[in-house]
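Q: Requesting a structural model of the entry that follows:
(chains A, B and C)
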Amino acid sequence: MKIIQDRAKTKQPGESLIIQTSVRILVPFIQLFGLYVIVHGHYSPGGGFQGGVVLGSAIILLAIAFDLKTTLGYLSERSNALMSNIGPLIYTGVAALAAVMGGLFLDYSALDVIIPLGPIEWRSMGIFLVEVGVGLAVMNIMLSLFWDVSSGGDMDEGL
Amino acid sequence: MEAILAELVAKYNYWIYVVLMMIGFYAMIGKRNLVKKLLGMNIFQTAIILFFISTGVKRGGAIPILDKHEVLLHGINPATIDNPLPHVLMLTAIVVSVSVTGVALAILIRIYRRYGTLEEDEILEKIGK
Amino acid sequence: MIKQNLHMFVMAAPLLCAFAVNLLGRLSRAWVAPLVLGALGFSTYGAIFVLQEVLTNGSFRYVVGNWTAPYGIELVLDPLSAMMLLLVSTVAFLASISALKSVSQELPGREHFFFTLFLILIAGLNGLVMTADAFNLYVLLEITSITTYGLIGMGSGRAPLSSFNYIIMGSIGACFYLLGVGYLYILTGSLNMADISTILGGLQGGNVATATAFAFLMVGLWVKMAFFPLHGWLPNAYSHAPSGAGVMIAPLMTKVTVYLMIRVMFSIFSPEFEFVRHAGVQNLIVWVSAIAIICASLLAFSQRDLKRMLTYIIVAEVGYMVGGVWLANTTGLSGAILHIVNDALMTLCLFLAASAIAYRTGGLSFEHLRGLYRKMPVTMAAFTIGAFAMIGVPPTCGFFSKWYLILGGAEAGHWEFVAALVLSSLVNAILFFRIIEIAFYPTEESHGHGHHEQEKVKVQEAPLMLLNPLVITAVLLIVVGLSSGTIVNDVIRVVLPDLF
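A: Numbering: from 1, shown residues only, chains lettered A, B, ... in the order given. Predicted coordinates:
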C-alpha cells in the first residue's frame, strides 16, 4: 500500500505523450457535444443537468491528463464562482420575470410581451432559457467539487 | 416451492433491486469506514432509482422518443411505448444523489484533515481522549 | 397579478437573494446584512398578506407554470399552510437578525457562504409548507436537508462528524420516502396528492401495497423528524452546529416535518384508512410516542451542557406532536397543530438565549452559566419566559397546546399518553429550575479572587442585535398564548372539516 502511494505521489496519472495529445484534440469536441446536449434538452433526451455534467467532465479530463494548474489557466476560480451564481440567477430570474409580466410563475407564455413569438411557441421554447442557466450552474459546481476533493481541501491558486 | 420459484422468475427485476438495496443499506450501517458508508448510501439510492425506472417498462414497448411529423400524422398508441415519466423523475433523484455525495465528500475532507483518519472507531477514540 | 403570485414571491425572494449574497458578498462584507434582512422582511410581510387573503377569501390551489393539475405541480394554500408560511417566515426573520451577529464571531470571513445556504434553506422551507405534490415534497425536503448538512458541517470541533452521521441517517429517511412515493405511483399513476387520494379511494385490490407505501412514507418522515427511537442523529447534530445555524434549524426543521406528516396522512391517505382499518397501528404509535416522551425527558436529565439538554427536549416535543396527531380525534389534532406553532416559538426563544450566552461566555456547559442573572439580566429573563412556556405555565403558549393534548388523550382513552405528558412537564420543570438555580447564584469560592474578578468584567449583557429578537420572541410567546383561542377557532377549526 505504501509503495503504491509513494509511486502515485511522484508520477502524474496521465503523464504520457499519447494521452496528452489526444486529450488536447478531444476536449473541444466534448465541449461541443455538451452544448449540443443542453440545447436539445426540451426536444429529446438531454437538458441542463446532463449537458452541464458533460461540459464539466471535459475540463476534468484536462485535469487528469495534465495537472490542476492547467485547468485553472482555462477557468480561473473567480470566473467559476461568478458563473456558478449567474446560472441559478438566470433560472430564478426567468421564473420571476414570467410572474412579473402577468402570468403565473414559470409560465413562459407571459414572456410573449417582450419578444413576440406567440404564446404556444414560447411555452415550448421557454424552457431553453432555464436549461442554459442550469447547465452553467452544474458545470461550474462539478468543477469546484473536483478541485476541492482532489486537492485535499486547499484550493490555493496555482497549486 | 413451485409457487415461490415462479414468483422469483416472473419478477426477477424487483428481486435484484431489493437485493441491491439491502447491500447498500447494510454498508451504510454495518461498515466502520466513513467512505464505505458513503458508497453504501450511493448504492442504496441507485437501487431505488433503478427500481422506479423498471416500473415504467411495458412488454414489447418501444423507447419513448418520437418523431414529430409521424405522430402528427398517425397518432400514438400509449400501450406500445414505455412510460417516460419515471425517467424524468429519476433525473431529479440523480441530481439530488449527486449533490448529497458532493456535500458528504467535502465534509469527509474536513474530517480527514482534522483527525488524520477515516475509520469511525479511531475517530471516536481520538475524540474520547 | 401580484396578488395571485404573492406566495411564490414569498418563496422566491430568499432564493434570489441567496445568489445575490454569494455574488456581492465576495466583493464586500457590507452587502450581506441588508440583502438578508431585506429578503426575509419582504417574505414575512408577504406571508402576512397571504394569510389575510386566505382567511377572507378561502383556500385556493395554484398551478406552477400554468400546466393544469394533475399534470402540473400544484400548490395548496389553505389556512393551515398559510399559517405555517407565516410561522416559517417570522422565525427565519428573527433568527437571521441574531445569526448575522453570531456568525461574524464564529465564522469570520465566510459569512457570504453561510448566508447563501441559510437563504436557500428558508426558500426550501417556504416551498415545503405550500406543496401539494408528492414528488415535489421529496425534492424540497432534500433541498432543505442538503443545506442543513452544509450549515452544520461549517462548525468547528465535532461538527463535521456529526454532520456526516446526519447525512447518512437523513438520506435513509429521504430514500424511504422516495420508495413510498414510488409505490404510490405504481398503484395510482399520479403524483398529485388530491388525485392520489381519489384514486386510492376507488381501488379494488392492492391493500398490501397501499399499507406498505404508507409504512415507507411514515418511517421516512419519522427519521427526518427524529421520532424516538430514530432520533440518534439529532443531539449531536444540533448541539455542535454553529449558533447561527442552530437558531434557524432547531425550531423549524422537525416541526415542518411534523406538518408534512399531517399533510401526507390527511391529504393522500384518508383518516378512515389509517385509524379505522388498521386500529392496532394507531394504538401502537401512541404507546411509542408516550415512551418517546418519557425516555427523551429522562435522557435530558443526564446532560451537562445546555444546548444538548435542549435538543433532547426537542425530541420529547416531537413525541407530543406525533402522539397528538395519532390520537384520532379533533381535539388531539388541534393540540398537535397548535403545538407546532408554539414549539417553534419556544425553541426559537431558548436557542436564541443559548446563542446569546455562548456569544458572551464562550461555552454552554453548566459551569459557564453560574451567576448569569446578574450579568445578563434581559437574556435570562427571556430564557425564564421560554422555560415557563416549555413547562406549560399559563399564560404562555405552552400551556394551551398541552391542555388540548391532554384533553384529546383523555377523550381517546389513552391514559398512558396523558401520564407521559404530565410526567414530562414535571421533568421539564426540574430541568429548567435546575438551570435557573445555577444561573441565579454566582460561583462559590472555587477560583482565586483575581480570576473571579476577571471573569466578572468579561461577561456582560449580550449585544443589541442578539437581544432584540430574543425580547420579541419572548413577548410573542405570551401574545400567542393569549390568542390561542383565536388561532384554534379561526385557523385550525376551519381546516379540520377539509381534513376530516
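
Q: Leaving out chain neighbours, which residue sits closest to residue C:300?
A: With Cβ to Cβ, 6 or more residues apart in numbering or on different chains as the criterion, residue C:300 has its nearest non-adjacent residue at 3.7 Å, and that residue is residue C:312. C-beta coordinates here come from the backbone N, C-alpha and C atoms, glycine included.

Q: Show me where chain B dips below the pLDDT cut-off.
A: Along chain B, segments meeting pLDDT under 70 span B:129.

Q: Write out the residues of it neighbouring chain A.
A: Within chain B, the positions near chain A by Cβ under 8 Å from any Cβ of the partner chain are B:65, B:91, B:94-95, B:102, B:105-106, B:109-110, B:113.

Q: Tell me where the longest helix sits in chain B.
A: helix B:85-115 (DSSP state H).

Q: just to revisit the earlier point, what's around the residue nearest to residue C:300, how many residues?
A: 24 (other Cβ atoms under 10 Å in any protein chain shown).

Q: Also residue A:128?
A: Residue A:128 has 17 nearby residues by other Cβ under 10 Å.

Q: swap in the one 3 residues further on?
A: Each residue near residue A:131 was counted by other Cβ under 10 Å, and the total is 24.

Q: Distance check, it against chain B.
A: Residue A:131 sits 12 Å away from chain B, going by Cβ to the nearest Cβ, to the nearest Å.

Q: and that residue, that's in a helix?
A: Yes: under DSSP: H, G, I helix; E, B strand; the rest coil, residue A:131 sits within a helix.

Q: Not including adjacent chain positions, what is the nearest residue to it?
A: Closest to residue A:131 by Cβ to Cβ, 6+ apart is residue A:48, at 4.0 Å.

Q: just checking, that neighbour touches residue A:133?
A: Yes: with contact defined as Cβ atoms under 8 Å, residue A:48 reaches residue A:133; the gap is 7.3 Å.

Q: Need the residues that contact the helix or strand following the longest helix of chain B.
A: Downstream of helix B:85-115, the first helix or strand assigned by DSSP states H and E is helix B:120-128. With contact meaning Cβ atoms under 8 Å, 6 or more residues apart in numbering or on different chains, helix B:120-128 is reached by B:32-34, B:111, B:115, B:117, C:158, C:161.

Q: Around chain C, which positions in chain A sit nearby?
A: So chain A meets chain C at A:81-82, A:85-86, A:88-89, A:92-93, A:95-96, A:99-100, A:102-109 (Cβ under 8 Å from any Cβ).

Q: quick one, what contacts the closest residue in space to residue B:112 that isn't next to it in sequence?
A: Counting by Cβ to Cβ, 6+ apart, residue B:112 lies nearest to residue B:118, which is 5.8 Å off, once chain neighbours are set aside. By Cβ under 8 Å, 6+ apart, residue B:118 lies in contact with B:33-35, B:108, B:111-112.

Q: cool, residue C:41 as well?
A: residue C:93.

Q: so which strand or helix has it?
A: Using DSSP H and E, residue C:41 falls in helix C:32-57.

Q: pretty sure residue C:62 is in a strand, no?
A: Yes: with three-state DSSP as the criterion, residue C:62 is located in a strand.

Q: for it, which residues make a bridge with it?
A: residue C:75 (DSSP bridges).

Q: and it, what does it touch?
A: Per Cβ under 8 Å, 6+ apart, neighbours of residue C:62: A:104, C:4, C:7-8, C:74-77.

Q: Likewise for residue C:249?
A: Per Cβ under 8 Å, 6+ apart, neighbours of residue C:249: C:121, C:148, C:151-152, C:238, C:241.

Q: ditto for residue C:166
A: Residue C:166 is in contact with C:148-149, C:152, C:233, C:236-237, counting by Cβ under 8 Å, 6+ apart.

Q: pLDDT score for the spatially closest residue to residue A:143 that is not a sequence neighbour?
A: Excluding the flanking residues, the one nearest residue A:143 by Cβ to Cβ, 6+ apart is residue A:56, at 5.3 Å. Note on residue A:56: pLDDT of 92.

Q: now what about stretch C:206-215, what contacts it?
A: Under the contact criterion Cβ under 8 Å, 6+ apart, stretch C:206-215 has outside partners C:180, C:183-184, C:186-187, C:200, C:203, C:269, C:273-274, C:278.

Q: And that stretch, what's buried?
A: By neighbour count on 16 or more other Cβ atoms under 10 Å in any protein chain shown, the buried set for stretch C:206-215 is C:210-211, C:213-214.

Q: so which helix or strand takes in the residue nearest to residue C:300?
A: helix C:306-325.

Q: tell me what that helix is packed against?
A: Helices and strands touching helix C:306-325, by 3 or more Cβ pairs under 8 Å, 6 or more residues apart in numbering or on different chains; DSSP states H and E, are helix C:207-225, helix C:234-240, helix C:243-263, helix C:279-301, helix C:330-361, helix C:397-412, helix C:415-440.

Q: Mean pLDDT added to those, as a markdown table?
A: Formatted as a markdown table, these follow (pLDDT from 0 to 100):
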| stretch | mean pLDDT |
| --- | --- |
| helix C:207-225 | 90 |
| helix C:234-240 | 89 |
| helix C:243-263 | 90 |
| helix C:279-301 | 88 |
| helix C:330-361 | 87 |
| helix C:397-412 | 87 |
| helix C:415-440 | 88 |
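
Q: what's the closest of those to residue C:23?
A: Checking these against residue C:23 by Cβ to Cβ gives helix C:243-263 as the closest, at 20.9 Å.

Q: what distance separates the next helix or strand after the closest one from the middle of the whole chain?
A: Using DSSP H and E, the helix or strand that follows helix C:243-263 towards the C-terminus is helix C:271. Counting by Cα atoms, centre = their mean, to the nearest Å, helix C:271 is centred 24 Å from the centre of its parent chain.

Q: average pLDDT for helix C:271?
A: If you average the pLDDT over helix C:271, you get 74.

Q: Right, I'll leave it there.
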